[in-house]
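**Student:** Fold the following and give me the result.
(2 chains)
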2 protein chains.
Amino acid sequence: MTLSRATTPEAVRRLSRKLRSRGKRLALVPTMGALHEGHLSLVRLAARDADRVMVSLFVNPLQFGPQEDLGSYPRDTRRDLGLLAGEPVDAVYLPTGETMYPEGFAARVTVSGLDSRLEGAARPGHFVGVCTVVLKLLNAVEPDVLWLGQKDAQQCAVLERLVRDLDLPVRVKRGPTVREPDGLAMSSRNAYLNPEERAQAPALFQALRLAQAAARSGERDPGALRALVSGHLAGAPLARLEYVEVVDARTLEPLARVAGDVLVALACRIGPARLIDNVRFRVAEPGAAR
Amino acid sequence: MTLSRATTPEAVRRLSRKLRSRGKRLALVPTMGALHEGHLSLVRLAARDADRVMVSLFVNPLQFGPQEDLGSYPRDTRRDLGLLAGEPVDAVYLPTGETMYPEGFAARVTVSGLDSRLEGAARPGHFVGVCTVVLKLLNAVEPDVLWLGQKDAQQCAVLERLVRDLDLPVRVKRGPTVREPDGLAMSSRNAYLNPEERAQAPALFQALRLAQAAARSGERDPGALRALVSGHLAGAPLARLEYVEVVDARTLEPLARVAGDVLVALACRIGPARLIDNVRFRVAEPGAAR
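**Tutor:** All right, here's what the predicted structure looks like:
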């Protein structure tokens, strides 16, 4: 499939309007490039759901903290475009930093509350950067559907709230986390791991599955689930747990009791990489506390 | 002209899409109701420029500070609709507070820098409220043109920056300030004035005109212009000047020298009313300082 390309908001708007002509529905898959199967699975889901698919590739400086990995974040646009050429993608948006944030850029978008927990607490300003760039992408591309990956569960919750609060004319859909055969969630940052670190990285998802299994077996104490996770990660000495939280999957509020729509989310450092992962599950409670 | 009405974001989006069908261009005139000739002049300008005109009427609680006049702000929707029925308006958007800010509403939009001077300094959080509500209106209505009044010069500058920074697919146009025969800028808050206060209110614009005349006569010292304004207002004892600033009309930065695109803006309390006004003019300087 030939990929149309645009590099400025004006050009992508023209391109998008062409793609959407005669009532065609357009899906946007925003990415920071360094594409992997997680991104490509979103592209395929998007293509099954809409008539046209656009992928944006932009390493957004606004969502990186000063001590973070903006400089080392993997960039290989040629490889990304090669991967997308084999997928059901109609267009690619490749804005430059100067186009996105010209001299004097001053707008900021926040979702208070949701953006200060978990990743927001660990990465101050991160979700302001995410919300601001995604709003810019939505305004320039005007898609009918926005596809996000469940691996970034909090990002999904924040952006769903943003879309709802700001009356944005777009539907948000989530694609499931795609994993390596050993369970490690696909991430562009997995490339930072050396073989030894990579060998211990599957412990993250193993730990989350232990927590999920415990909940399924009746454990209702969030502290017990968190202890299971940190206990399992103690067996992976290269992994330094930053946080593990048991929260309501929609509000991201900590749960006093494991019930309802549950998200167990963690962040972990392994070597130079900071990795996140989560499991989401529903715990139905008929009647009172047991 | 029959006025179509919508009261929710979903309904106004459907209505807007109908109005914009077959390539018709839609203009939005956002107001807080309590309409006067200033609003109506924007409506007429909008109608000359676009095919369809929508007016929104919404007293936005988010842009009022806790000590401000949200409770007493004049509201008379029936009168407003009566006025609009005589104007070239196709549709009215009358959202409710619950529709705009439902339980859990958490999004906020800011334009840093521009939003902290002048009115922003005097009314902390004011422009966050303005930006957030206007972004919601733009997203729900999806107009081609947004009409704003020059009386709120800083609001114009902030929203123009918001539209540019966020890649919003809308053009912003400004309509000139409409004045009473004695020069007082039209404002819904003029209704707060008793006859004695009303009699002194024209001093605001008189003072601004003195400053403009001085600049035209060669005065290049911003402090001298400000002194002219406060000196003239000393003759209106019921008017308490809150600020008068001489700034660049686009960046709102204070000018060290009266030159370029100049805005002289003031805020004044008269009785229970807090009134603002401004003059904007260009000072061309061929060559060096005199």
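**Student:** three-state assignment of the residue nearest to A:Pro30 when sequence neighbours are not counted?
**Tutor:** Sequence neighbours aside, A:Ser56 is the residue nearest to A:Pro30 in space, at 4.8 Å (criterion: CB to CB, 6 or more residues apart in numbering or on different chains). In this view, the C-beta of every residue, glycine as well, is placed from N, C-alpha and C. In terms of secondary structure, A:Ser56 is strand; the call rests on DSSP: H, G, I helix; E, B strand; the rest coil.
**Student:** What distance do you get for A:Ser56 to chain B?
**Tutor:** For A:Ser56, the distance to chain B equals 12 Å [CB to the nearest CB, to the nearest Å].
**Student:** What is the burial count for that residue?
**Tutor:** Close neighbours of A:Ser56, defined as other CB atoms under 10 Å in any protein chain shown, add up to 25.
**Student:** What's the mean pLDDT across stretch A:204-218?
**Tutor:** Predicted confidence along stretch A:204-218 averages 98 (mean pLDDT).
**Student:** can you check stretch A:130-145 too?
**Tutor:** Stretch A:130-145 comes out at a mean pLDDT of 98.
**Student:** swap in stretch A:241-250?
**Tutor:** Computed over stretch A:241-250, the average pLDDT equals 97.
**Student:** If you count neighbours, what's buried in it?
**Tutor:** When neighbours are counted by 16 or more other CB atoms under 10 Å in any protein chain shown, the buried residues of stretch A:241-250 are found to be A:Leu241, A:Glu242, A:Tyr243, A:Val244, A:Glu245, A:Val246, A:Val247, A:Ala249.
**Student:** do stretch A:257-273 as well
**Tutor:** For stretch A:257-273, burial by neighbour count (16+ other CB under 10 Å) applies to A:Val258, A:Ala259, A:Val262, A:Leu263, A:Val264, A:Ala265, A:Leu266, A:Ala267, A:Cys268, A:Ile270, A:Gly271, A:Ala273.
**Student:** So for it, mean pLDDT?
**Tutor:** For stretch A:257-273, the per-residue pLDDT averages 97.
**Student:** Can you give the distance from that stretch to the centre of its chain?
**Tutor:** Remark: stretch A:257-273 is offset 13 Å from the chain centroid, using CA atoms, centre = their mean, to the nearest Å.
**Student:** Just the C-alpha atoms of that stretch, please, in PDB.
**Tutor:** Only the C-alpha atoms of stretch A:257-273 are listed here, as PDB (Å, rounded to 0.1, in the frame of the first residue of the first chain):
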ATOM      1  CA  ARG A 257     -10.900  -3.500  48.700                       C
ATOM      2  CA  VAL A 258     -10.300  -5.600  45.600                       C
ATOM      3  CA  ALA A 259     -13.600  -5.300  43.800                       C
ATOM      4  CA  GLY A 260     -15.200  -4.000  40.600                       C
ATOM      5  CA  ASP A 261     -13.100  -2.900  37.600                       C
ATOM      6  CA  VAL A 262      -9.600  -3.500  39.000                       C
ATOM      7  CA  LEU A 263      -6.300  -2.300  37.600                       C
ATOM      8  CA  VAL A 264      -3.000  -3.500  39.000                       C
ATOM      9  CA  ALA A 265      -0.300  -1.300  37.600                       C
ATOM     10  CA  LEU A 266       3.400  -1.200  38.200                       C
ATOM     11  CA  ALA A 267       6.600   0.600  37.100                       C
ATOM     12  CA  CYS A 268       9.900  -0.900  37.400                       C
ATOM     13  CA  ARG A 269      13.500   0.000  36.500                       C
ATOM     14  CA  ILE A 270      15.700  -2.600  35.000                       C
ATOM     15  CA  GLY A 271      19.100  -1.300  34.000                       C
ATOM     16  CA  PRO A 272      18.600   1.900  32.000                       C
ATOM     17  CA  ALA A 273      15.000   1.000  31.200                       C
END
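**Student:** all strands of the stretch 101-250 of chain A, in order?
**Tutor:** Assigned by DSSP state E, counting those that start in this stretch, the stretch 101-250 of chain A shows strands spanning A:107-111, A:145-149, A:171-175, A:239-248.
**Student:** Mind listing residues that contact the second one?
**Tutor:** Strand A:145-149 has contacts (CB atoms under 8 Å, 6 or more residues apart in numbering or on different chains) with A:25-30, A:38-39, A:42-43, A:45-46, A:49-50, A:134, A:138, A:155-156, A:159, A:163, A:170-175, A:177-178.
**Student:** Please list only the buried members of those residues.
**Tutor:** Applying 16+ other CB under 10 Å to the contacts of strand A:145-149 flags A:26-30, A:38-39, A:42-43, A:45-46, A:50, A:134, A:138, A:155-156, A:159, A:163, A:170-175, A:177-178 as buried.
**Student:** Let's see which of those residues end up in helices.
**Tutor:** Assigned to helices by DSSP state H, the following of those qualify: A:Gly38, A:His39, A:Leu42, A:Val43, A:Leu45, A:Ala46, A:Val134, A:Leu138, A:Gln155, A:Cys156, A:Leu159, A:Val163.
**Student:** Touching, the fourth one and A:Arg52? I think so.
**Tutor:** No - A:Val43 lies out of contact with A:Arg52 (CB atoms under 8 Å); the separation is 11.7 Å.
**Student:** pretty sure A:Ala267 belongs to a strand, no?
**Tutor:** Yes - the assignment for A:Ala267, made by three-state DSSP, places it in a strand.
**Student:** Give me the nearest residue to it, chain neighbours excluded.
**Tutor:** A:Glu242 (4.2 Å).
**Student:** which stretches of chain A form helices?
**Tutor:** Going by DSSP H, chain A shows helices at A:9-19, A:37-49, A:77-85, A:97-100, A:118-122, A:126-141, A:153-165, A:195-200, A:203-216, A:222-233.
**Student:** Next, format those helices as CSV and append distance to B:Ala106.
**Tutor:** Converted to CSV, those look like this (distance: least, CB to CB, whole Å):
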stretch, distance to B:Ala106
helix A:9-19, 26
helix A:37-49, 25
helix A:77-85, 33
helix A:97-100, 24
helix A:118-122, 12
helix A:126-141, 11
helix A:153-165, 6
helix A:195-200, 37
helix A:203-216, 27
helix A:222-233, 23
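**Student:** Since that was my last question, I'll sign off now.
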